[in-house]
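Asks: Pasting the sequence and the predicted coordinates here, then a few questions.
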Amino acid sequence: MKVIGIVGMPASGKGEFSRIAAEKGIPVVVMGDAIRKAVTTAGLPLTDGNLGKVSSDLRARHGMGAIALITVPEVEATGAPVVVIDGIRGSAEVEIFREHFTSFLLVGVRASFETRLARLGSRGRSDDPASSDDLRRRDERELGWGLGDALAMADVFFENEGTMEEYGEKARHLLDALEGCA
């Protein structure tokens, strides 16, 4: 099984990469879905604050790799030759995935703060930061979980400052190359 992890700051383009992978028939396991499920199970609304608190609580109780440990069985259950993991937030998660999957490639997606902020306006998720201050707070929270260290561990980087078409072409090219190596 070849596993591709996606890491990047909020609204950098991780979800778009995953959408393209899914379009190609590659299963995508979204780490944030595990957190959304935990928030819903707790009877809380899906807000950025609740998602952040539940994420922090899980990491405080089970270690910084807690969300990765929840995700590994979901990836294995797909039984697919290539799987994408969306939403890596820390180096501990990268280490867990590298330990569990011998063929693991970490793709880093980078976009400027201004680009990410502009994209949030059109995304429309209930947990999206509503202002530049909200995005800065979310960035700080996620950097506190080790997101910067995880980004530094990426095997491949994509700059996502151009059009979505340009980004999509780069993502499809990488996925085609990786599928050929599966």
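Replies: Okay, I see it.

Asks: The residue nearest the centre of the chain and E165: what is the separation?
Replies: With distances taken as C-alpha atoms, centre = their mean, the residue of the chain nearest its centroid is G87 (1.5 Å). To E165, G87 is 24 Å away according to C-beta to C-beta, to the nearest Å. Backbone N, C-alpha and C define where each C-beta goes, glycine included.

Asks: what's the answer for V83, then?
Replies: 25 Å.

Asks: Comparing those two, which residue is more hemmed in?
Replies: V83 (22 against 7; other C-beta atoms under 10 Å).

Asks: is it fair to say the more buried one lies in a strand?
Replies: Yes: counting by DSSP: H, G, I helix; E, B strand; the rest coil, V83 is part of a strand.

Asks: Only alpha carbons, please: show the one helix or strand E99 maps to as CSV.
Replies: E99 belongs to helix 91-100 when elements are defined using DSSP states H and E. This file holds the C-alpha atoms of helix 91-100, laid out as CSV (Å, rounded to 0.1, in the frame of the first residue of the first chain):
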residue,chain,number,x,y,z
SER,A,91,5.6,15.7,13.3
ALA,A,92,4.4,13.0,15.7
GLU,A,93,1.7,12.1,13.2
VAL,A,94,4.2,11.9,10.4
GLU,A,95,6.4,9.6,12.5
ILE,A,96,3.4,7.3,13.2
PHE,A,97,2.5,7.1,9.5
ARG,A,98,6.1,6.5,8.4
GLU,A,99,6.3,3.7,11.1
HIS,A,100,3.0,2.1,10.0
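
Asks: What residues sit buried inside the next helix or strand after it?
Replies: The C-terminal neighbour of helix 91-100 among helices and strands, as given by DSSP H and E, is strand 103-110. Residues F104, L105, L106, V107, G108, V109, R110 are the ones in strand 103-110 that count as buried (16 or more other C-beta atoms under 10 Å).

Asks: can you state the direction angle for strand 103-110 and helix 91-100?
Replies: Calculated by axes from the mean of the first three to the mean of the last three C-alpha atoms, to 10 degrees, strand 103-110 forms an angle of 150 degrees with helix 91-100.
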